[in-house]
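For reference, the sequence and a predicted model appear below.
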Number of protein chains: 2
Amino acid sequence: MTLPVHRSLAGQAVDALRELVLTGEIPPGARVNEVEVAARLGISRGPLREAIRQLASENLLVLVAHRGAHVPAATPEDIRALFELRTALECAAAELAASRRTDADVSRLREVCAESRRTYQAGERFPYRLDLAFHQALLDAARSPHIAEQVRLVQQRVVLLRSGLNDDPPHQHASLDDHDALVDAVAAGDPQRASSTMRKHLARVCAQMLAESDLAESH
Amino acid sequence: MTLPVHRSLAGQAVDALRELVLTGEIPPGARVNEVEVAARLGISRGPLREAIRQLASENLLVLVAHRGAHVPAATPEDIRALFELRTALECAAAELAASRRTDADVSRLREVCAESRRTYQAGERFPYRLDLAFHQALLDAARSPHIAEQVRLVQQRVVLLRSGLNDDPPHQHASLDDHDALVDAVAAGDPQRASSTMRKHLARVCAQMLAESDLAESH
DNA sequence: GAACTGCCAACTGTCGACAGTTAACACCCC
DNA sequence: GGGGTGTTAACTGTCGACAGTTGGCAGTTC
């Protein structure tokens, strides 16, 4: 299957600009200068403005009349509220996954867990990439496209909040255990337990992020 | 507090176009002709394209390369998946509302229920407007802005799916009872019961919509 | 010295025009 | 007459230019 050669410039701009925001190249609080970014991407302001509108409706940018777009800076209150949303979505996904999972789903989940643990025990931090892969595998098992889409958007915002934060090893260790417990609940086909395990997991992650954000604030 | 007199044309276009889609003036399946709609709104294609992008990321429009935007037509499978998302969000909202409600919240909820019942017993159908008002009041009690925002977006899509469908009285009667039961659970501060009541309510609404959509299909 | 006023540069908001693509119609060949 | 092909009109994708607004800076006044 070959993807269309000609993607629209606006479409490319969405991806490129999203990358600039999520990697922190345009840091929280910074404004997006239309002419500058358009020149940087080698396009005109038209398609870029369309891309900005789209990212604004994904909450990666905030629009202010006559003052353009800027990357939102998160408050602790924001983080809490965002994790309420994430919890609602991912607990539901965990429930559905426990109801609908196939053997292949469980294998995939165990595989991701094993790789995470290998990387962690090799002395390195286990990369955030693998954490995302785990949650993605769980969403695949849930087979609920609309929930999956919303989780993707929320995770994006979490990535934005994470920029500048570092996971510490104890927290990582706990997360690995959480993931294993989640897979067990899903494998056992126990929606109730899957949901409550996910809730605890996300509560821990949220608390960790709040702690690190406090730390970063008083640097 | 005076709102800015000068809202951007793109911003106005978002509202106007959303209205056109939600009222069914641009029906499901229909394409959005940029020059035609731009002329209709009295603006140029630039701002309109920005508005189209935004509505597309709200899933009220679908973009196809070189063939513009069209209003999506829902399949039964879509409806089911969308209600999985709605259930995840509104059950969480019901839980939070039961934990956080104030006396004022409960009063407001009872008020909306009473008005719905009055309208219904007056022989008319109780307007969808009051159903939305009830769910809105519940969201207010939940005090979770991000969840509220997502519910708003999902409800919008439900409104789109509803275009062309009519509620029948038995279903409306059941919904009124559901709403009352929900208020009781919230007033009692019982998150568990609020959540399960909401789940049953939405399951009923979803089943009703699926039945009506089947009916409409074989007209 | 502080505050107010008027100007100026930078940037956003909007438009009209041009280029490229798509889809439908007419035409031609078999 | 059916299928394939060339043509054309309609529409989307993109750009450059102009108008309006904002925020800062210099100059002036008290």
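That came through fine.

Enumerate the residues of chain A near DNA strand C.
Counting by Cβ under 7 Å from any atom of the strand, the residues of chain A lying close to DNA strand C are A:6, A:31-36, A:45-46, A:49, A:63, A:65-69. C-beta coordinates here come from the backbone N, C-alpha and C atoms, glycine included.

Which ones among these map onto helices?
Using DSSP state H, the members of the residues of chain A next to DNA strand C that fall in helices are A:34-36, A:45-46, A:49.

ok, and the most crowded of those?
The most crowded member of those, judged by other Cβ atoms under 10 Å in any protein chain shown, is A:Arg49 (22 neighbours).

Quick one, grab the pLDDT at the residue nearest to that residue when sequence neighbours are not counted.
Of all residues not flanking A:Arg49 in the chain, B:Glu50 sits nearest, at 5.8 Å (Cβ to Cβ, 6 or more residues apart in numbering or on different chains). What the model reports as pLDDT for B:Glu50 is 97.

I figured B:Glu50 hits B:Ala10, correct?
Yes - in this structure, B:Glu50 is within contact of B:Ala10 by Cβ atoms under 8 Å, at 4.3 Å.

Check whether stretch A:68-84 comes close enough to DNA strand D to count as a contact.
No - Stretch A:68-84 lies apart from DNA strand D when judged by Cβ under 7 Å from any atom of the strand; the minimum separation is 9.8 Å.

and A:Asp105, what does it touch?
Contact partners of A:Asp105, counting by Cβ atoms under 8 Å, 6 or more residues apart in numbering or on different chains, are A:97, A:137, A:140-141, A:186.

for A:Asp180, same thing?
Here A:Asp180 is in contact with A:Cys113 (Cβ under 8 Å, 6+ apart).

before we move on, which element is it in?
helix A:169-187 (DSSP states H and E).

and that helix, how far out from the chain's middle?
Distance, stretch centre to chain centre, for helix A:169-187: 17 Å (Cα atoms, centre = their mean, to the nearest Å).

which other helices and strands contact the longest helix along chain A?
As assigned by DSSP H, the longest helix anywhere in chain A is helix A:191-217. If you count contacts as 3 or more Cβ pairs under 8 Å, 6 or more residues apart in numbering or on different chains; DSSP states H and E, helix A:191-217 packs onto helix A:76-100, helix A:145-162, helix A:169-187.

Single out the most deeply packed of these.
Ranked by mean neighbour count, those are led by helix A:76-100 with a mean of 22 (mean count of other Cβ atoms under 10 Å in any protein chain shown).

gap between the residue nearest in space to the middle of chain A and B:Pro127?
Against the mean C-alpha coordinate of chain A, by Cα atoms, centre = their mean, the closest residue is A:Gln155 at 2.1 Å. Applying Cβ to Cβ, to the nearest Å, the value for A:Gln155 to B:Pro127 is 38 Å.

swap in A:Arg45?
44 Å.

Hmm, A:Ile79 and A:Asp214 touching each other?
No - counting by Cβ under 8 Å, A:Asp214 does not reach A:Ile79; the two are 10.4 Å apart.

Now the two most distant members of the contacts of A:Asp105.
A:Asp140 and A:Val186 (11.4 Å; Cβ to Cβ).

The residue nearest to the centre of chain A: what's it in contact with?
So A:Gln155 contacts A:86, A:132, A:135 (Cβ under 8 Å, 6+ apart).

Of those residues, just say which sits nearest to chain B.
Nearest to chain B among the contacts of A:Gln155, counting by Cβ to the nearest Cβ, is A:Arg86 at 8.7 Å.

what pLDDT does the closest one get?
98.

Kindly report the same for A:Phe126.
69.

Next, format the contacts of A:Gln155 as TSV and append distance to chain B.
Converted to TSV, the contacts of A:Gln155 look like this (distance: Cβ to the nearest Cβ, whole Å):
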residue	distance to chain B
A:Arg86	9
A:Leu132	20
A:His135	15
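
And the residue located most distally from the centre of chain A, how far from B:Gly11?
Distance to the chain centre peaks in chain A at A:His66, reaching 30.3 Å (criterion: Cα atoms, centre = their mean). Separation of A:His66 from B:Gly11 (Cβ to Cβ) stands at 12 Å.

Hmm, A:Val62 is touching A:Ala74, no?
No - using Cβ under 8 Å, A:Val62 is not in contact with A:Ala74; the gap is 11.4 Å.

before we move on, the earlier item: for DNA strand D, state which of the ones in helices among the residues of chain A next to DNA strand C is nearest.
Using Cβ to the nearest atom of the strand, the shortest approach to DNA strand D within those belongs to A:Gly46, at 3.5 Å.

So that closest one sits against B:Ser44, correct?
No - the pair A:Gly46 and B:Ser44 does not pass the contact test of Cβ under 8 Å, sitting 11.2 Å apart.

Neighbours of the closest residue to A:Thr23 other than its chain neighbours, how many?
Of all residues not flanking A:Thr23 in the chain, A:Ser163 sits nearest, at 7.7 Å (Cβ to Cβ, 6+ apart). Using other Cβ under 10 Å, A:Ser163 has 15 neighbouring residues.

near chain B, which residues of chain A?
A:4, A:6-8, A:10, A:46, A:49-51, A:53-54, A:56-58, A:65, A:81-82, A:84-85, A:87-89, A:91-93, A:96, A:144-147, A:150 (Cβ under 8 Å from any Cβ of the partner chain).

Any stretches of chain A with poor pLDDT?
A:1-6, A:126, A:164, A:217-219 (pLDDT under 70).

how does it look with 80?
Along chain A, the model assigns pLDDT under 80 to residues A:1-6, A:123-127, A:164-170, A:214-219.

Who are the contact partners of A:Arg145?
Not Arg; residue A:145 is Pro. A:Pro145 makes contact with B:Ala81 under the criterion Cβ under 8 Å, 6+ apart.

Grab the nearest non-local neighbour of A:Glu212.
A:Leu165 is the one closest to A:Glu212 (Cβ to Cβ, 6+ apart), at 4.5 Å.

Would you mind listing what in chain A touches DNA strand D?
Close to DNA strand D, as judged by Cβ under 7 Å from any atom of the strand, chain A has residues A:8-10, A:43-47, A:65-67.

Between the residues you listed, which sits nearest A:Gln172?
A:Ala10 (38.5 Å).

Check which helix or strand that closest one maps to.
Taking DSSP H and E as the definition, A:Ala10 sits inside helix A:9-22.

For that helix, which outside residues touch it?
Helix A:9-22 has contacts (Cβ under 8 Å, 6+ apart) with A:25-26, A:32, A:37, A:41, A:43, A:46-48, A:50-52, A:54-55, A:58, A:60-61, A:71, A:156, A:159-160, A:163, B:53.
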